[in-house]
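just the structure for this:
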Amino acid sequence: MSEPRLPVGFASWQRATEAAQATERRARRAAALLDSAAIPYALSGGIGCTAWVASVDEEATRSSVDVRIVLRRSDLPRARQALEQDVFVYTEQDGQPVFVDGATGKIRGGVKIVYAGELLRTGDLARTPDVAESIRKKDFQVLTLEALVRMMLIANRNEDGMVLRDLMGVGLFDASWPARFPPELAARLQHVLDTPNG
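Numbers count the residues shown, from 1 in each chain. Predicted structure coming up:
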């Protein structure tokens with residue numbers, strides 16, 4: 001069986017651009033619905049990182065399909081009601097709430113809910129930030145820079161290392177930052193600082 005051929009050229013570039021734009025629209029729609037319902041939240045993940053990087057250099061942003069929203073567990077029922085007013089459809093992945101974009105939406109591109117002040121996984125080094133650790137950027141709430149960095153260090157996935165390097169690359173944190181975190185998280189951040197090219 002032959003390997004499937006990947007599309008090349010302008011068409012594939014255009015699809016990647018459209019996917020990034022759709023991700024941003026999805027995040028903004030979700031944020032607007034939560035704002036309208038007066039539900040405290042904060043964008044995090046790749047889209048939160050993009051917002052911070054863009055505040056320094058829009059040309060340094062990285063395309064992302066990672067839309068994560070920090071939300072207090074007690075607010076999930078109201079958030080579900082608000083988001084389902086649009087075409088968002090509630091589902092779960094590994095027990096975590098996800099809102100996919102319409103009946104044919106995919107979990108990969110869905111809005112993933114992260115519970116505030118809780119462990120992401122058993123054995124994690126710290127709890128997730130609370131939604132109070134957020135600021136307003138244009139028309140949505142996003143985790144403060146320190147809270148976003150802490151969240152990435154807690155999650156400690158390969159993609160978190162990439163976006164931390166994006167933040168570092170535009171000067172949003174420096175060698176003084178590991179001192180802000182407990183030793184285990186500080187060591188993870190120091191590794192990012194020591195390996196700027198991955």
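
what sits against the most centrally placed residue in the chain?
Central residue of the chain (Cα atoms, centre = their mean): G45, 1.5 Å from the mean position. G45 sits next to S64, D66, V67, R68, K112, V114 when contact means Cβ atoms under 8 Å, 6 or more residues apart in numbering. Backbone N, C-alpha and C define where each C-beta goes, glycine included.

phi and psi next, for the fifth one.
Main-chain torsions, K112, degrees, to the nearest 10: phi -90, psi 130.

coming back round to it: M162: which of the contacts of G45 is nearest?
S64 (9.7 Å; Cβ to Cβ).

that closest one in helix, strand or coil?
Recorded secondary structure, S64: coil (DSSP: H, G, I helix; E, B strand; the rest coil).

wait, what's in contact with it?
By Cβ under 8 Å, 6+ apart, the residues touching S64 are A20, T23, G45, G46, I47, C49, T50, V163.

mind running it again at 10 Å?
19-20, 23-24, 27, 45-50, 159, 162-163, 166 (Cβ atoms under 10 Å, 6 or more residues apart in numbering).

so which of those residues belong to helices?
19-20, 23-24, 27, 45-50, 159, 162-163, 166 (DSSP state H).

re the thing from before, now, among the contacts of S64, which is nearest to Q81?
A27 (19.1 Å).

that closest one and I107, how far apart?
As defined by Cβ to Cβ, to the nearest Å, A27 lies at a distance of 16 Å from I107.

one more: E24?
18 Å.

now the helix or strand containing F99: buried residues?
Assigned by DSSP states H and E, F99 belongs to strand 96-101. Along strand 96-101, these residues count as buried under the neighbour rule (16 or more other Cβ atoms under 10 Å): P97, V98, F99, V100, D101.

now the residue nearest to the centre of the chain: how far from T128?
Taking Cβ to Cβ, one finds G45 at 11 Å from T128.

could you tell me which residues touch both of the two?
Listed as contacting both G45 and T128 by Cβ under 10 Å, 6+ apart are V70, V114, L143, M151, A155.
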